[in-house]
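Q: Task: produce atomic coordinates for the following.
(one chain, ligands or ions: 1)
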Amino acid sequence: MSAGRSGRPVVVVTRRLPRPVEEPLAREFDARLNADDHPLSAVELADALRAADGLLPTVTDRLTAQVLAVEPLRARILANYGVGFNHIDTVSAKARGLVVTNTPDVLTDDTADDALMLLLMVARRGGEGERHVRSGAWTGWRPTHMLGTRVTGKTLGLIGLGRIGRAVAHRARSGFGMRVIFHDPSPPPAAVVSELGAEPRASVDDVLREADFVSLHSPATPETRHLMDARRLALMKRGAFLVNNARGDIVDETALVAALKQGTIAGAGLDVFEHEPAVTPDLLTMENVVLLPHLGSATHETRIAMGLRALENLKAFFAGAPPRDRVA
Ligand code: 8YV
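A: Now for the predicted structure:
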């Protein structure tokens, strides 16, 4: 096994992580931490692949085919911090003999909470109301002021019924009395679906035609890129809302802006963006849009759990055991 001067494998940790994660990482490995937390450039990522035995990257690291083509390659594992790994070219990683792992499960509940937060905020005009109070414009209660849309009893359409989709379905049904419909090309077992009380639909389009709220819970893959394009946005009800805390490129952001401007849909709650951290400027001016800075898993508890899960994957790998969360 290759190792650093300390005899332990060298692991480049690309961003600052919570202290309860950095501490054991530094004990277990010759960990190279990112003290100033700057996002690594392609050149820095290539250097890390040349210098380290393993990387612990995040969603801000674009591990493209070009970056992964680096010579000589020393790294043997990419222990991703996060469940989504669309920022890693897994085909190239595999071709270069790199193992890729992720951190599922530990972020499911908080990410589902974030989707419900977006749904409630956009339906009940939470962001707009907050801006109103802070601006000093509020003149007092009145019966017709800032009326929103009721959530209880409405139909929630889920695109994707994986771990996070199921946690959203559970919350929506048990907490808000919503009816839940979904489409997933690889649905969970029928018993799981019926236990959730979620109703399958044959296609994404069928979900869009029927739902009052549409929430996206698919992985970002070439097949789901721009899944929500102009045609599909037009299938949604005029009074419906779109929620996305999966990945930005599942939505054609330009088409979304047009749909919001034309009143094709009523509003959107977005935690992720197509060109993150850039946000289409028009969205910044729209009151019926809630914009959050990729907060899905952003709790102390979950960000620590994600780090410990990545650490577990690294430890297993360097001990010669199969890492629990291998995805490539
Ligand atoms: C993370 C996420 O914060 O896990 C994911 O896929 O989108 C977020 O929960 C981010 O990916 C960390 O790298």
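
Q: can you pull out the strands in the stretch 1-150 of the chain?
A: Here the stretch 1-150 of the chain has its strands, by DSSP state E, counting those that start in this stretch, at 10-13, 30-32, 54-56, 77-79, 99-101.

Q: which residue packs closest to the residue nearest the centre of the chain, ignoring adjacent ones?
A: Nearest to the mean C-alpha position of the chain, by Cα atoms, centre = their mean, lies A246 at 3.9 Å. Of all residues not flanking A246 in the chain, L216 sits nearest, at 4.6 Å (Cβ to Cβ, 6 or more residues apart in numbering). C-beta here means a position set from N, CA and C on the backbone, and glycine is covered the same way.

Q: residue contacts, the one you found?
A: Neighbouring residues of L216 by Cβ atoms under 8 Å, 6 or more residues apart in numbering: 159-160, 227-228, 242-246, 250-251.

Q: okay, those residues in a markdown table with pLDDT and distance to the ligand next?
A: What follows is the contacts of L216, written out as a markdown table (pLDDT from 0 to 100; distance: Cβ to the nearest ligand atom, whole Å):
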| residue | pLDDT | distance to the ligand |
| --- | --- | --- |
| I159 | 99 | 16 |
| G160 | 98 | 13 |
| L227 | 98 | 17 |
| M228 | 99 | 17 |
| L242 | 99 | 18 |
| V243 | 99 | 15 |
| N244 | 99 | 11 |
| N245 | 98 | 8 |
| A246 | 98 | 8 |
| I250 | 98 | 12 |
| V251 | 98 | 15 |
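
Q: Which ones among these lie within strands?
A: 159, 242-244 (DSSP state E).

Q: Please indicate which of the contacts of L216 are buried?
A: Among these, those classed as buried by 16 or more other Cβ atoms under 10 Å are 159-160, 227-228, 242-246, 250-251.

Q: Out of the residues you listed, the closest to A278 would be?
A: V251 (14.2 Å; Cβ to Cβ).

Q: shouldn't the closest one be in contact with H275?
A: No. At 11.6 Å, V251 does not count as touching H275 under the criterion of Cβ atoms under 8 Å.

Q: okay, and the common contacts of the two?
A: Common contacts of V251 and H275, defined by Cβ under 8 Å, 6+ apart, are absent altogether.

Q: doesn't N102 make contact with I77?
A: No. The criterion here is Cβ under 8 Å, and I77 misses it with N102 at 11.9 Å.

Q: more neighbours, those two?
A: I77 (25 against 22; other Cβ atoms under 10 Å).
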